[in-house]
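starting from these lines, generate the structure:
(4 chains)
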Number of protein chains: 2
Amino acid sequence: MPAPILTKEEVLGRLMTAFREKGFDGASLAELSAATGLGKSSLYHHFPGGKVEMAQQTLEYLEAALEQSLFEPMRTGEPPEKKLSTMLDTLSAFYGEGRKACLLERLCASVDQRAFRRPLARLFERWIDVVEQLALDAGLPPATARARAEDLVVRIQGALVVCAGTGDMRVFSRTIVELRSSLLAS
Amino acid sequence: MPAPILTKEEVLGRLMTAFREKGFDGASLAELSAATGLGKSSLYHHFPGGKVEMAQQTLEYLEAALEQSLFEPMRTGEPPEKKLSTMLDTLSAFYGEGRKACLLERLCASVDQRAFRRPLARLFERWIDVVEQLALDAGLPPATARARAEDLVVRIQGALVVCAGTGDMRVFSRTIVELRSSLLAS
DNA sequence: GTCTATACGTGGATAGAC
DNA sequence: GTCTATCCACGTATAGAC
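Numbers count the residues shown, from 1 in each chain, chains lettered A, B, ... in the order given. Model prediction:
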């Protein structure tokens, strides 16, 4: 049976799902092979650097996806309150209302974290920068805008950890609700 | 050379350090053996259930340690503001000002997370409960007290993730400063 | 209780055919 | 580009001596 043709994007999307579910250290090549439908050798054809390169390319793929679905919509002429709400909706869906882990966190926590350091730092900083700009547009003073932006990312990440630890996804929902009303408040 | 005698507590303390540094999935028996100075067979003598049991007992050890150093001091007659400050100082030291990972997060993220589910949920909830009581003592309304308590734990965990991702430990410091002034504010 | 030695599976990674 | 077959190291875990 001829293997169904997957585009590179589809492969990377499945790798991302696998890494988010199992973690970088926890995902074995056998699982990544099953997740993508590609044999190990095929994976090595696409990712000569092995598992580390799979995660690196997955991270680049995520960066591009976030640029399009999360960051770009923040550069429209909509009012900041509206854009914040849009961002929180997108994040809430992306994280399955608290049920799905964050690839960034999974790679931060991995044994090979050094291989991901720069792209991880860049992606976190871009995310914070975008939120900071939103806060500036809403008229908050620069120091406050920066702190609020960091705080949004911190709280999203923290909520995911606490949800995973307690099994109570309401923590994530409440965090989103809280951010919606407080992030741009003066 | 006779092996230096380590108490069970000392062994568990070293296992905790190893799990925090490498993660549960990332820590191999060889590393746990080196960290404790015990041969693999000796580890299995103390922890017949293998790596999972090592982490479970380490979690129990952490729970007892937190009970003594973090939770118990919250039951004195000191004013809530003072006790909050004490808790934040203790947490800041425990997490090395953002440089050291949290065992709870490491186990939440592990492939064997189901084996840790109940103790993890219990420990998170006890932590939140203690902070909630602090907020109630400070005169905050019950719903607010609960939300603020969850928020403290969420922000600490999130700050650790963002510090690991960006390499910027100031995020942790700022989070602590922020919590010190805002958690009990009406 | 600790060690040395070892079993045995699975991990990541490769060779080479198609 | 994909597969089957295979390699070797390391993973967890155990046996048995001291």
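
surely A:Phe116 and A:Ala55 touch.
Yes. Using Cβ atoms under 8 Å, A:Phe116 is in contact with A:Ala55, at 6.6 Å. Just so you know, the C-beta spots here come from the backbone N, C-alpha and C atoms, and that holds for glycine as well.

where do the contact lists of those two overlap?
Here A:Phe116 and A:Ala55 have A:Leu107, A:Ser110 as joint contacts, going by Cβ atoms under 8 Å, 6 or more residues apart in numbering or on different chains.

between these two, which one's more packed in?
Neighbour count, other Cβ atoms under 10 Å in any protein chain shown: between A:Phe116 and A:Ala55, A:Ala55 has more, with 26 against 23.

what residues of the host helix or strand of the more buried one count as buried?
Assessed by DSSP states H and E, A:Ala55 sits inside helix A:50-66. Within helix A:50-66, the residues that qualify as buried are A:Lys51, A:Met54, A:Ala55, A:Gln56, A:Gln57, A:Thr58, A:Leu59, A:Tyr61, A:Leu62, A:Glu63, A:Leu66, counting by 16 or more other Cβ atoms under 10 Å in any protein chain shown.

who's in contact with the residue of chain A found nearest chain B?
Nearest residue of chain A to chain B: A:Gly158, at 2.6 Å (Cβ to the nearest Cβ). Contacts for A:Gly158 (Cβ under 8 Å, 6+ apart) come out as A:Thr175, B:Val153, B:Val154, B:Arg155, B:Ile156, B:Gln157, B:Gly158, B:Ala159, B:Val161.

pLDDT wise, what is the last one at?
Reported pLDDT at B:Val161 in the predicted model: 99.

do stretch A:173-182 and chain B meet?
Yes. Residues of stretch A:173-182 are located near chain B by Cβ under 8 Å from any Cβ of the partner chain, namely A:Arg174, A:Thr175, A:Glu178.

B:Ala149 is in contact with the first one, correct?
No. A:Arg174 is beyond contact range of B:Ala149, at 11.6 Å (criterion: Cβ under 8 Å).

which of those two has more neighbours?
Neighbours per residue (other Cβ under 10 Å) separate A:Arg174 from B:Ala149, with B:Ala149 holding more: 22 against 18.

helix or strand for that one, just tell me which one.
Going by DSSP H and E, B:Ala149 is in helix B:142-166.

run the angle between that helix and helix A:142-166 for me.
100 degrees (axes from the mean of the first three to the mean of the last three Cα atoms, to 10 degrees).

mind checking what helix or strand follows helix B:142-166 in sequence?
From helix B:142-166 onward toward the C-terminus, using DSSP H and E, the following helix or strand is helix B:170-182.

got the buried residues for stretch A:67-85?
Those would be A:Leu70, A:Phe71, A:Met74, A:Pro80, A:Lys83, A:Leu84, for stretch A:67-85 by 16+ other Cβ under 10 Å.

sec struct for A:Ser186, please.
With DSSP: H, G, I helix; E, B strand; the rest coil as the basis, A:Ser186 sits in coil.

around DNA strand C, pick out the residues from chain A.
Residues of chain A lying close to DNA strand C (Cβ under 7 Å from any atom of the strand) are A:Ala27, A:Ser28, A:Leu29, A:Ala30, A:Lys40, A:Ser41, A:Tyr44, A:Pro48, A:Gly50, A:Lys51, A:Val52.
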